[in-house]
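Asker: Provided below for reference: sequence and predicted model.
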Amino acid sequence: MAVKKTPMRMCLACREMKPKKDLMRVVKSPDGSIFIDDTFKANGRGAYLCNSAACVDKCVRQKMLNKQFGCAVDEEVYSSLKNKVNESEN
């Protein structure tokens with residue numbers, strides 16, 4: 001029986017390849033809304049971030065999601081990323 005490969009994705013901030021399930025996915029849907037995708041199945045352009053405070057802080061500080069999606073991202077998205085990381089660390 002064949003061994004199933006683990007899907008790998010690159011973190012937007014630290015540029016390290018990690019297993020997909022160890023990362024957070026932020027999606028820009030076809031209608032233009034941007035949100036955190038907990039299911040990893042939402043339609044649209046995805047960007048992945050580590051579940052670490054350092055990567056999220058770098059992303060927020062440098063507005064990396066703006067660059068990745070080519071549009072202005074609301075501060076609510078960045079604050080929800082920070083909240084999610086704080087919840088997972090506690």
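Answerer: Noted; the coordinates are in hand. Numbering: from 1, shown residues only.

Asker: Do a quick rundown of the helices in this protein.
Answerer: 53-62, 64-69, 75-89 (DSSP state H).

Asker: Could you provide those helices in CSV, with additional columns for mean pLDDT?
Answerer: Listed next are the helices of the chain as CSV, based on pLDDT from 0 to 100:
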stretch, mean pLDDT
helix 53-62, 95
helix 64-69, 96
helix 75-89, 90
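
Asker: Distance-wise, check the nearest residue to residue 59 once chain neighbours are set aside relative to residue 6.
Answerer: Counting by CB to CB, 6 or more residues apart in numbering, residue 13 is the residue found nearest to residue 59 once chain neighbours are left out, at 4.9 Å. C-beta here means a position set from N, CA and C on the backbone, and glycine is covered the same way. Using CB to CB, to the nearest Å, residue 13 is found at 21 Å from residue 6.

Asker: neighbour-wise, which of the two wins?
Answerer: For the pair residue 13 and residue 6, the greater number of neighbours falls to residue 13 (21 against 10), based on other CB atoms under 10 Å.

Asker: Contacts only, for the more buried one.
Answerer: 49, 50, 54, 55, 56, 58, 59, 64 (CB atoms under 8 Å, 6 or more residues apart in numbering).

Asker: Near the third one, how many residues? Count them for me, please.
Answerer: The criterion is other CB under 10 Å. On that basis, residue 54 has 11 neighbouring residues.

Asker: next one: the last one
Answerer: By the measure other CB under 10 Å, the count of residues near residue 64 is 20.

Asker: List the residues that contact residue 11.
Answerer: Contact analysis of residue 11 by CB under 8 Å, 6+ apart lists 18, 23, 48, 49, 50, 55.

Asker: so how far is residue 43 from it?
Answerer: The value you get for residue 11 to residue 43, if CB to CB is used, is 22 Å.
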